[in-house]
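> next one to model:
(one chain, ligands or ions: 1)
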Amino acid sequence: MQIENSLCDYDAVETINREMRKQLQTLVQQKYFKFYKLKLYGTCPFWTENHLCMNEDCGVAVMDESAIPEEWTSAALGAISSPSNGKLFQPYKSCQLKDQDFCQVDDEALSDGVYVDLVANPERFTGYSGPSAAKVWDAIYDENCFNIAHKMQEASHCEQCSLDREADEDQFGGKLKSAAAVGISLARNPLAVVDALDRPGQKKEIKNNVGSNMASSFSPLAESVNPLLAGAMQEEEVCLEKRVFYRMISGLHASISIHICDEYFNQTSGTWGPNLECFVSRVGAHPDRLENIYFDYAILVRAVTKLSGYLKNYEFCSGHPEEDARVKAMVDRLIETSTKSPAIFDEKAMFVGPGAQALKMEFRDHFRNITKIMDCVGCEKCRLWGKVQTSGLGTALKVLFSYNDEHLNPLKNPNILQRTEIVALFNTLNRLSESVESITMFREMYMEQQYGG
Ligand code: FAD
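Numbering: from 1, shown residues only. Down below sits the predicted model:
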């Protein structure tokens, strides 16, 4: 997986992002991409007590269906799904294709969901925290427990999972927390950062910490940092799929944290704005979390690239032909950018070898569970964005691991993806793209604060 294997890839992500940033920003403002239908008020299937955030900022403004293009309304979509509607009816060639979903997809045609304008309900600081939020994050990370992966490693207990997480956290970032700048810049180039911090007595110590911490957690990346670490890394032998799963959720968590810190509400001044301290403590001082954001970004870009043929023939129908043509041109431009960027994620390295199919099913089921856990989030706005982004990542996983180019042939399977999945995919990419941009902004803020520019 190249993103784990080359230092240059962090620069590659930032370079791609500079090109994609504006394109994505404009795209998600379009009606097609900003109106999202979801089940916002589902009940938590995993526990009963649920603290609800009553802060004004936790609320979501739901849309009236009269503001929605007629083509998407339940009545119209219900009609499209009906066989009696002749040529508009485009059944899946095989119902098995739908079994490949990595997330619980809310069916736009049939569900009792609500429409939300994503632009009018930005993901930002809401004040949702405490035991409720912690319980949800814990439940999400507990899904990183793979029976098959463990069996493959001849490890015995599932309880191992929570220990793994603590180990990842402590060993990887722990010692670096005091040297926040290391984390801030590590995502660009770990060793260059250490050089940048070349202060007497500190350089060597940090370099050693980077080495030892990395060696004990995400081995392939550590390998790229220092080939001498390769031997030590073999000891861990966490299977690639499990590591990928962890990195995906940690990247999502870190990205959400960045949005909170980027649009933070200062209760003293009553103003919204970036909060450097928040960023440093939650993300900047943890190199692994930073890296995992880039990792998620790479997965999403790869999914968009793989979907290029399908999207080129996709009809973005909102009932306004001129607007639809504009949206199509925007998506085409984005695809062009993604396809000419270097391949930074190679999905072919995953789910190969003995037990691969069973492991893939387990990976899928665990990821689906995460999308269900979103119903336990006690803050409507956090739940909304949690659902959008887990659905976006789930769609990327489905595209990468469940479908080959034949499945993604728009003439054979024009409806293989629902509108909500395409909307979620691009909005999730946009949120990660914002995070990558914010990292640069926070890095500059930090340098300014520490060294006066
Ligand atoms: P948390 O972010 O709650 O983290 C809990 C623990 O997880 C940490 O102590 C640390 O050990 C570990 N951890 C933290 N980050 C990572 C990482 N990247 N990788 C691995 N481990 C990590 N709040 C808002 O204000 N706005 C939102 O839009 C919002 N959306 C949310 C969406 C979801 C799905 C959830 C579950 C919560 C959301 N929250 C949101 C709450 C927010 O994520 C935090 O839980 C809250 O701000 C409290 O933060 P905290 O500092 O206690 O640590």
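
> so which bits of the chain are right by the ligand?
123, 125-126, 128-129, 133-134, 136-137, 169, 250, 253-254, 256-257, 260, 282, 289, 377, 381-382, 385-386 (CB under 6 Å from any ligand atom). Placement of C-beta: from N, CA and C, glycine included.

> list the buried residues in the strand or helix carrying Ser438.
Using DSSP states H and E, Ser438 sits in helix 419-451. Under the neighbour-count criterion of 16 or more other CB atoms under 10 Å, helix 419-451 has 419-439, 442-443, 445-446 buried.

> tell me how many other residues crowd the closest residue to Gln23 other than its chain neighbours.
Excluding the flanking residues, the one nearest Gln23 by CB to CB, 6 or more residues apart in numbering is Leu334, at 5.0 Å. Leu334 has 22 neighbours, counted by other CB atoms under 10 Å.

> going forward, the N-terminal residue is numbered 52.
From this message on, residue numbering opens at 52, which makes the last subject Leu385.

> got the buried residues for the one helix or strand Leu385 maps to?
Assigned by DSSP H and E, Leu385 belongs to helix 372-391. The neighbour-count check on helix 372-391 (16+ other CB under 10 Å) flags Asp375, Arg377, Val378, Lys379, Met381, Val382, Leu385, Ile386, Thr388, Ser389 as buried.

> buried sites along the following helix or strand past it?
Using DSSP H and E, the helix or strand that follows helix 372-391 in sequence is helix 407-424. For helix 407-424, the neighbour count (16+ other CB under 10 Å) marks 410-411, 413-415, 417-424 as buried.

> TSV for these, including pLDDT and distance to Glu194?
Below are those laid out as TSV (pLDDT from 0 to 100; distance: CB to CB, whole Å):
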residue	pLDDT	distance to Glu194
Leu410	89	14
Lys411	89	15
Glu413	89	10
Phe414	91	10
Arg415	91	11
His417	91	4
Phe418	92	7
Arg419	92	9
Asn420	93	5
Ile421	94	5
Thr422	93	10
Lys423	93	10
Ile424	95	8
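
> what's the closest of the residues you listed to the ligand?
The ligand has its nearest neighbour among the buried residues of helix 407-424 in Ile424, at 7.9 Å by CB to the nearest ligand atom.

> pLDDT below threshold where in the protein?
Residue ranges of the chain with pLDDT under 70: 52-59, 125-151, 154-158, 160-162, 199-289, 504.

> show me the residue at the heart of it, geometrically.
Closest to where the C-alpha atoms of the chain average out (CA atoms, centre = their mean) is Leu303, at 4.5 Å.

> pretty sure that residue contacts Leu444?
Yes: Leu303 lies in contact with Leu444 (CB atoms under 8 Å); the separation is 6.7 Å.

> anything in contact with each of those two?
Taking CB atoms under 8 Å, 6 or more residues apart in numbering as the contact rule, Leu303 and Leu444 both touch Asp347.

> report the contact partners of Ile309.
Counting by CB under 8 Å, 6+ apart, Ile309 has contacts Phe330, Arg333, Val334, Ile344, Glu485, Ser486, Ser489, Ile490, Phe493.

> swap that for Thr356, please
Ile386, Ser389, Thr390, Ser392, Ala394.

> using the three-state scheme, assign it.
Secondary structure assignment for Thr356 (DSSP: H, G, I helix; E, B strand; the rest coil): helix.

> the ligand versus that one, what's the distance?
Per CB to the nearest ligand atom, to the nearest Å, Thr356 is found 26 Å from the ligand.

> got it, and Tyr345?
Counting by CB to the nearest ligand atom, the gap from Tyr345 to the ligand is 12 Å.

> now do the SS call for that residue.
Once three-state DSSP is applied, Tyr345 turns out helix.

> so it sits against Ser484, correct?
No: counting by CB under 8 Å, Tyr345 does not reach Ser484; the two are 11.1 Å apart.

> hmm, who's touching the helix holding Leu385?
Contacts to helix 372-391, defined as CB under 8 Å, 6+ apart, come from residues 67, 70-71, 74-75, 77-78, 81-84, 352, 355-356, 358-359, 362-363, 365-369, 477.

> rerun at 10 Å
Contact partners of helix 372-391, identified using CB atoms under 10 Å, 6 or more residues apart in numbering, comprise 67-68, 70-71, 74-75, 77-84, 120, 351-363, 365-369, 371, 473, 477, 480.

> shared neighbours, Tyr345 and Ser484?
Common neighbours of Tyr345 and Ser484 (CB under 10 Å, 6+ apart) are Val64, Asn68.

> tally up the residues packed near Ala354, please.
Neighbours around Ala354, by other CB under 10 Å: 24.

> now it. Nearest residue, chain neighbours left out?
Ala354's closest residue in space is Ala447 (CB to CB, 6+ apart), at 3.6 Å.

> need the contact list for that neighbour.
153, 299, 347, 350-355, 357-358, 396, 398, 472, 475-476, 479-480.

> tell me how far Phe477 lies from Arg333.
Separation of Phe477 from Arg333 (CB to CB, to the nearest Å) stands at 26 Å.

> Phe452 now?
For Phe452, the distance to Arg333 - CB to CB - is 30 Å.

> same question, Asp416
In terms of CB to CB, Asp416 sits 29 Å off from Arg333.

> Ala190 too?
From Ala190 across to Arg333, the span is 19 Å (CB to CB).

> again with Glu495
Counting by CB to CB, the gap from Glu495 to Arg333 is 18 Å.

> same check on Cys104?
Taken as CB to CB, the span from Cys104 to Arg333 is 19 Å.

> and those two? which has more neighbours close in?
Higher neighbour count among Cys104 and Arg333: Cys104, with 22 against 18, using other CB under 10 Å.

> tell me who's in contact with that one.
Contact analysis of Cys104 by CB under 10 Å, 6+ apart lists 110, 177-181, 183-184, 428-434.

> how does it look with 7 Å?
Applying CB atoms under 7 Å, 6 or more residues apart in numbering to Cys104 gives the contacts Thr177, Gly178, Tyr179, Gly429, Cys430.

> Leu444 now?
Contacts of Leu444 by CB under 7 Å, 6+ apart are Met299, Leu303, Asp347, Thr479.

> pretty sure the last one sits against Thr446.
Right, Thr479. No: contact criterion CB atoms under 7 Å: Thr479 and Thr446 do not qualify, at 8.1 Å.
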